[in-house]
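Q: Quick one: sequence and predicted model below, then my questions.
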Amino acid sequence: MESYLSPLFTWKLFRLMCVLSLLCRNICCLECWKCIGEECGGEEFEEYSQKVTCGKGNSCMKIVYEMIDYSSNAKYESVVRTCSKSPCVPVTKETFNACRRKIRSYRYYGCSIRSCCISDLCNAAVGVFSWNPTIYFYMLTMLVLLCRM
């Protein structure tokens with residue numbers, strides 16, 4: 001015997017699952033890498049980092065800051081991985097390169113790239129915006145319900 005779910009029931013069920021997953025996401029906190037220093041930019045940064053739990057509404061971020069001394073042409077780079085305390089606004093590679101091309105009249109200049117993400121430990125990668133796993137859950141749930149119709 002084939003079961004049939006009405007479209008109205010399916011939609012109500014989907015909305016209920018969405019609300020429940022949002023409640024779960026608010027209870028569970030986001031975990032990010034926290035690292036500041038020279039080792040933070042290397043491939044083995046996890047050895048020098050710690051996992052931290054972010055506050056509600058925070059996101060993970062990674063900032064790469066580059067500074068150049070015009071007099072010696074020395075280049076310094078610093079990487080920071082942490083939770084954002086306010087809304088994280090990404091700075092793209094295009095914006096970073098435009099900053100680097102600007103001619104300046106002072107001795108030092110600096111530019112940065114900032115990537116933001118909202119899944120656990122997602123600030124390990126450069127320039128990646130990760131989706132929240134809850135979105136994947138919504139999509140999978142909708143797909144399953146639509147296939148049953």
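A: In hand now; what should we look at?

Q: now the helices: where do they sit in the chain?
A: 7-27, 93-101, 133-148 (DSSP state H).

Q: any idea how far residue 79 is from residue 120?
A: In this structure, residue 120 and residue 79 are 19 Å apart, going by CB to CB, to the nearest Å. (Each C-beta comes from the backbone N, C-alpha and C, glycine too.)

Q: before we move on, what about residue 91?
A: Between residue 91 and residue 79 the distance, using CB to CB, works out to 14 Å.

Q: where among the helices of the chain is the average confidence lowest?
A: Comparing the helices of the chain by mean pLDDT, the weakest confidence falls on helix 133-148, with a mean of 54.

Q: quick one: contacts for residue 103?
A: Contacts of residue 103 were listed using CB atoms under 8 Å, 6 or more residues apart in numbering, and none were found.

Q: Check it and give its pLDDT.
A: The pLDDT attached to residue 103 in the predicted structure is 76.

Q: Could you do the one 5 residues further on as well?
A: Note for residue 108: predicted pLDDT of 78.

Q: in the sheet, who's paired with it?
A: Taking DSSP bridges, one obtains residue 69 as the residues bridged to residue 108.

Q: How many residues are close by it?
A: Burial measure for residue 108: 12 neighbouring residues, criterion other CB atoms under 10 Å.

Q: residues in contact with it?
A: Residue 108 makes contact with 67-70 under the criterion CB under 8 Å, 6+ apart.

Q: Ok, residue 116 next?
A: Listed by CB under 8 Å, 6+ apart, the contact partners of residue 116 are 59-61, 84, 88-90, 129.

Q: If any of the residues you listed are buried, give me the PyMOL selection for them.
A: Selecting the buried subset of the contacts of residue 116 in PyMOL, with 16 or more other CB atoms under 10 Å as the burial test, is done by:
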select buried, resi 59+60+61+84+88
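
Q: now, which of the contacts of residue 116 sits nearest residue 74?
A: Within those, distances to residue 74 taken as CB to CB reach their minimum at residue 61, with 26.6 Å.
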